[in-house]
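*Asks:* sequence plus predicted model, see below.
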Amino acid sequence: MGFPDGFLWGTATASYQIEGAAAEDGRTPSIWDTFSRTPGKVLNGDTGDVATDHYHRWREDVASMARLGVGGYRFSISWSRVLPEGKPNQKGLDFYSRLVDELLENGIAPVATLYHWDLPQELENAGGWPVRDTARRFADYAERVGRVLGDRVETWTTLNEPWCSAFLGYAAGVHAPGRTDPADALAAAHHLNLAHGLAVRALRGVVPPSARHSVTLNLHHLRGDAEAVRRADAVANRIFLDPVLGRGYPADLLADTAGITDWAFVRDGDTDVIAAPIDVLGVNYYSPTLVRVWDGVTPRENDDGHKRGAATPFVGCEGLEFVRQPGPYTAMGWPIDASGLEELLLRLHREYPDTPLMITENGAAFDDEVVDGRIRDDRRIAYLRDHIAAAERACDAGVDLRGYFAWSLLDNFEWAYGYDRRFGLIHVDYGTGERTWKDSAFWYRDAISASPASDAK
């Protein structure tokens, strides 16, 4: 593999998906606690109450990362654990402090994500992300965490996939908090953008100047009719890319959604705040999306890669349909196509050439089976191999790519699909918590070891 010097190999998780200990040491409910306990919202009625019990088994999990040979670990911090009901919780802060220390002792760089979808429930009760005050509260939270961990964490990610928070949570209703109001979804998107900018400013005031700041976006790699791609791209990608990278909101996005909202929630100076400089853009990629203008006659396809909800998450895209693509597919029903990753990275390099990139999530769920104590997940190995090769080709073409983080370290709570979908390099027995390396974990370890950049930690 020909990745550049300093290329960071890693793996990733999220707090609600792995920690468990939902009511321990002062943690209060998040919107995902409430959502998962609401009948019919999550497959099999699963919750994150225990998850993989990482809260108690974190040393074991860090030891696994050390064995993998990763140079970085991307984890998220539970807002409800460190700042329950707006009050600092020392036990929660101490948990992350111990985790960071253990990572550093094992030569693993901590990459901290401040928000991976688990808004404290009391803030949702006050209006959630459609309300401007939530962005201010997020900045206060970011400053608090930065003061505690800033001397040891060098890379900070404000938000993970704000598109999902805004549009799956407030438009389609398939993620927490489960609301279906397109105007609220657009307001949520803006306030998430604003929260990002405010948090970057807050962090820069309390962490060392050498720290790196980022945001992670799940960018949809869209293919299909030009007009359909344009409309979907506006609300799927450019609604975050353009304001974060200093271009403001796209004119076509505002025009396409004018019948939904007048965008009065955008105040003077907001776009300047949102454009607070970042050092790297996190890119999450799993599969491409095929879209076309619906003819209004044939049955409308809605295979957009997300759980089917009462409404579409693609606000302002009425008249489009999302077309099922050829297989093979993962257990999520997503088509496997590594060329989409290469094309997406090249697009970002072409359109935003001054922004370094990092692949912060990439992986696949399959129906893994334990046979004689071994998990032979050849399809996951093939998926990782092909996508890493696509990333390498993008580097060869001039893309400034700084790292690759496999999703995920562990099988975990897969949001609305509960424990039915397994993304992990390491298998988890949800009854006992036992961890077992899959063949893909051994493959990833060997791939990292073979990389010329493997000593960059």
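*Replies:* Yes, it's here. Just so we're clear, the structure is a prediction, and the values are computed from it rather than from any experiment.

*Asks:* now the strands: where do they sit in this protein?
*Replies:* Taking DSSP state E as the criterion, the chain contains strands spanning 8-12, 72-76, 109-115, 155-160, 212-217, 221-224, 280-284, 288-293, 320-322, 357-361, 401-407, 426-428, 435-437.

*Asks:* wait, which of those strands is closest to Leu254?
*Replies:* Among those, strand 320-322 comes nearest to Leu254, with 17.9 Å by CB to CB. (Each C-beta comes from the backbone N, C-alpha and C, glycine too.)

*Asks:* ok, residues contacting that closest one?
*Replies:* 228, 231-232, 289-294, 300-305, 314 (CB atoms under 8 Å, 6 or more residues apart in numbering).

*Asks:* so which pair among these is furthest apart in space?
*Replies:* Of all pairs drawn from those, the widest gap by CB to CB lies between Val293 and Gly305 and measures 18.8 Å.

*Asks:* and these two? Which one has more around it.
*Replies:* Gly305 (17 against 14; other CB atoms under 10 Å).

*Asks:* picking up where we left off before, any chance of the strands of the chain in JSON lines, with mean pLDDT and distance to Leu186 too?
*Replies:* As requested, the strands of the chain are exported to JSON lines (pLDDT from 0 to 100; distance: least, CB to CB, whole Å):
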{"stretch": "strand 8-12", "mean pLDDT": "98", "distance to Leu186": "28"}
{"stretch": "strand 72-76", "mean pLDDT": "98", "distance to Leu186": "25"}
{"stretch": "strand 109-115", "mean pLDDT": "98", "distance to Leu186": "19"}
{"stretch": "strand 155-160", "mean pLDDT": "98", "distance to Leu186": "16"}
{"stretch": "strand 212-217", "mean pLDDT": "98", "distance to Leu186": "17"}
{"stretch": "strand 221-224", "mean pLDDT": "98", "distance to Leu186": "19"}
{"stretch": "strand 280-284", "mean pLDDT": "98", "distance to Leu186": "21"}
{"stretch": "strand 288-293", "mean pLDDT": "98", "distance to Leu186": "19"}
{"stretch": "strand 320-322", "mean pLDDT": "97", "distance to Leu186": "17"}
{"stretch": "strand 357-361", "mean pLDDT": "98", "distance to Leu186": "25"}
{"stretch": "strand 401-407", "mean pLDDT": "98", "distance to Leu186": "28"}
{"stretch": "strand 426-428", "mean pLDDT": "98", "distance to Leu186": "37"}
{"stretch": "strand 435-437", "mean pLDDT": "98", "distance to Leu186": "41"}
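
*Asks:* nearest to Ala171, out of those?
*Replies:* Comparing those by CB to CB, strand 320-322 comes nearest, at 14.4 Å.

*Asks:* what sits closest to Gly248 if chain neighbours are left out?
*Replies:* The shortest distance from Gly248 to any non-neighbouring residue, by CB to CB, 6 or more residues apart in numbering, is to Thr271 (4.7 Å).
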